[in-house]
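**Q** Need a 3D model of the following:
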Amino acid sequence: MLTERQLLILEAVIRNYTESGQPIGSKTLQQRLPVHVSSATIRNEMAVLEQQDYIAKEHSSSGRIPSLKGYRYYVDNIVQPSQLDRTSLKNIRSSFGNEFQKVDEIVATSAQILSDLTSYTAISLKPKAKDIRVEGLRIVPLGNQQVMGILVTSDGTVESQTFTMPAGISSDELEVAMRLLDDKIAGVPLSQVLVRLNDCLPLLSRYLHQPAGFVEVFGSILDKALKEQVYIGGKMNMLDFSKGASLEQIKSLYSLVDQTKIGSLVTPAKSGISVKLGDELPSKLLQNYSLISATFDDGNNGQGMIALLGPTNMPYSKMIGLVSVFRDELTRRITDYYQRF
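**A** Numbering: from 1, shown residues only. Sure thing, here's the model as predicted:
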């Protein structure tokens with residue numbers, strides 16, 4: 001357990017490194033503490049903090065910088081989220097605009113706004129669509145057995161995919177099967193559609209020679225609709241903090257963020273705001289980064305996530321406060337959206 005004086009010193013070391021990116025010595029630190037402490041006492045306390053791995057030297061003659069353990073202690077025990085002023089909050093709300101045609105637009109916009117405000121990389125995950133229902137199914141013949149399958153859902157999402165239908169299915173058969181499925185599936189939750197499609201196979205066999213192939217077309221579209229949607233703002237920003245990285249490491253880092261798999265890498269805690277530092281993140285490429293993430297509940301389908309990926313020496317108080325505001329604004333925006341349906 002750290003003493004009150006050690007807490008003040010640790011906080012000052014972190015604040016200095018966040019602002020300047022430079023180590024700090026005892027004399028400079030003496031001027032920044034809110035209480036009067038001799039330079040010798042500060043040196044002794046810094047030695048204790050270093051022995052306990054809360055701070056470290058960059059080299060033998062330098063001042064101190066925070067360690068990952070120091071950041072962890074700071075985030076868990078010291079930091080207080082900053083409160084956004086009314087002007088900043090108003091600017092965030094106006095950046096979102098007023099009209100969205102689907103939830104995906106709200107979630108994607110949030111990542112871009114958060115990235116623009118911070119110059120970090122922002123990641124947003126759309127809530128899982130557990131209660132969203134089918135509004136309609138369509139098949140558009142394209143010729144040469146090519147068709148486009150279209151799925152429209154109750155949250156305004158339109159998913160489409162082009163397929164090659166099994167040989168032997170005519171356009172007339174497609175039309176009859178389409179009307180049958182539309183009647184059976186309209187209004188059914190997405191999570192139950194595949195079961196309903198399979199239940200329709202015996203009935204579809206009256207009209208189609210290969211009903212299983214027809215059902216497979218819509219099974220693939222359903223997979224897309226149910227899939228966790230990941231949106232990333234400011235992909236290139238994280239390369240600004242890849243100090244000392246080789247060209248291959250930079251390529252791998254960008255590739256990591258450029259893939260939607262990043263969503264599974266940065267899955268947050270079940271609720272609230274979480275901060276993961278360096279080696280707590282699942283990829284070695286992120287050792288010099290921190291992730292601040294917050295879950296939000298849309299009141300309809302479950303939880304989504306908004307996250308900020310930046311350097312370990314980010315200003316945590318400000319960034320945690322900002323992410324918290326975004327969590328609340330996303331919840332409000334998506335809840336309002338669903339109330340329109």
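
**Q** Return the distance of I306 relative to N313.
**A** 21 Å (CB to CB, to the nearest Å). C-beta coordinates here come from the backbone N, C-alpha and C atoms, glycine included.

**Q** all strands of the chain, in order?
**A** Ranges of strands within the chain are 55-57, 64-66, 121-125, 134-143, 146-153, 158-164, 230-233, 273-277, 289-297, 303-311, based on DSSP state E.

**Q** okay, I306 and N313: which has more neighbours?
**A** Each of I306 and N313 has its neighbours counted (other CB atoms under 10 Å); I306 has more, 27 against 19.

**Q** Wait, that one touches L291, no?
**A** No. Judged on CB atoms under 8 Å, I306 makes no contact with L291 at a distance of 11.2 Å.

**Q** follow-up on the earlier one: most tightly packed of the strands of the chain?
**A** Comparing those by mean neighbour count (mean count of other CB atoms under 10 Å), strand 121-125 ranks first with a mean of 27.

**Q** quick one: average pLDDT of that strand?
**A** Averaged across strand 121-125, pLDDT comes to 89.

**Q** what bits of the stretch 101-250 of the chain have low per-residue confidence?
**A** Applying pLDDT under 70 to the stretch 101-250 of the chain flags residues 101, 128-131, 155-156, 165-171, 191, 206-221, 223-228, 244-245.

**Q** just to revisit the earlier point, pull up the overlap in contacts between I306 and L291.
**A** Counting by CB atoms under 8 Å, 6 or more residues apart in numbering, I306 and L291 have no shared contacts at all.

**Q** picking that back up, could I get the strands of the chain as JSON lines with distance to E329?
**A** Listed next are these as JSON lines, based on distance: least, CB to CB, whole Å:
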{"stretch": "strand 55-57", "distance to E329": "36"}
{"stretch": "strand 64-66", "distance to E329": "31"}
{"stretch": "strand 121-125", "distance to E329": "12"}
{"stretch": "strand 134-143", "distance to E329": "27"}
{"stretch": "strand 146-153", "distance to E329": "24"}
{"stretch": "strand 158-164", "distance to E329": "25"}
{"stretch": "strand 230-233", "distance to E329": "15"}
{"stretch": "strand 273-277", "distance to E329": "14"}
{"stretch": "strand 289-297", "distance to E329": "9"}
{"stretch": "strand 303-311", "distance to E329": "9"}
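
**Q** Can you check which of these gets nearest to V176?
**A** Shortest distance between V176 and the strands of the chain, using CB to CB, is found for strand 134-143: 11.0 Å.

**Q** quick one on the thing from earlier: which stretch among the strands of the chain comes nearest K243?
**A** strand 303-311 (8.7 Å).

**Q** Which elements pack onto the closest one?
**A** Secondary-structure packing of strand 303-311 (3 or more CB pairs under 8 Å, 6 or more residues apart in numbering; DSSP states H and E): helix 103-118, strand 121-125, strand 289-297, helix 316-339.

**Q** Just say which of these is most tucked in.
**A** Scoring the helices and strands packed on strand 303-311 by mean count of other CB under 10 Å, the most buried comes out as strand 121-125, with a mean of 27.

**Q** which residues touch that strand?
**A** The contact list for strand 121-125, computed with CB under 8 Å, 6+ apart, reads 107-108, 110-115, 228-235, 237-238, 257, 262-263, 266, 293, 304-310, 330.

**Q** any idea how far the closest residue to G234 other than its chain neighbours lies from L201?
**A** Spatial nearest neighbour of G234, excluding adjacent residues (CB to CB, 6 or more residues apart in numbering): S115 at 3.2 Å. Distance of S115 to L201, computed by CB to CB: 46 Å.

**Q** go on, D182?
**A** Applying CB to CB, the value for D182 to L201 is 16 Å.

**Q** Likewise for Y231?
**A** From Y231 to L201 the distance is 36 Å (CB to CB).

**Q** Over to F296?
**A** Taking CB to CB, one finds F296 at 39 Å from L201.

**Q** ok, now R93?
**A** Here the distance between R93 and L201 works out to 49 Å (CB to CB).

**Q** cool, S67 as well?
**A** When distance is defined by CB to CB, S67 is 61 Å away from L201.

**Q** OK, contacts around V79?
**A** 316-317, 320.

**Q** So S67 and L201 - more neighbours on which side?
**A** Using other CB under 10 Å as the criterion, S67 and L201 rank with S67 on top: 19 against 13.

**Q** Contact partners for the more buried one?
**A** Applying CB under 8 Å, 6+ apart, we find S67 in contact with 53-56.

**Q** Over to it: give its phi and psi.
**A** Main-chain dihedrals, S67, degrees, to the nearest 10: phi -100, psi 170.

**Q** Quick check: pLDDT value at it.
**A** Confidence at S67, expressed as pLDDT, is 94.
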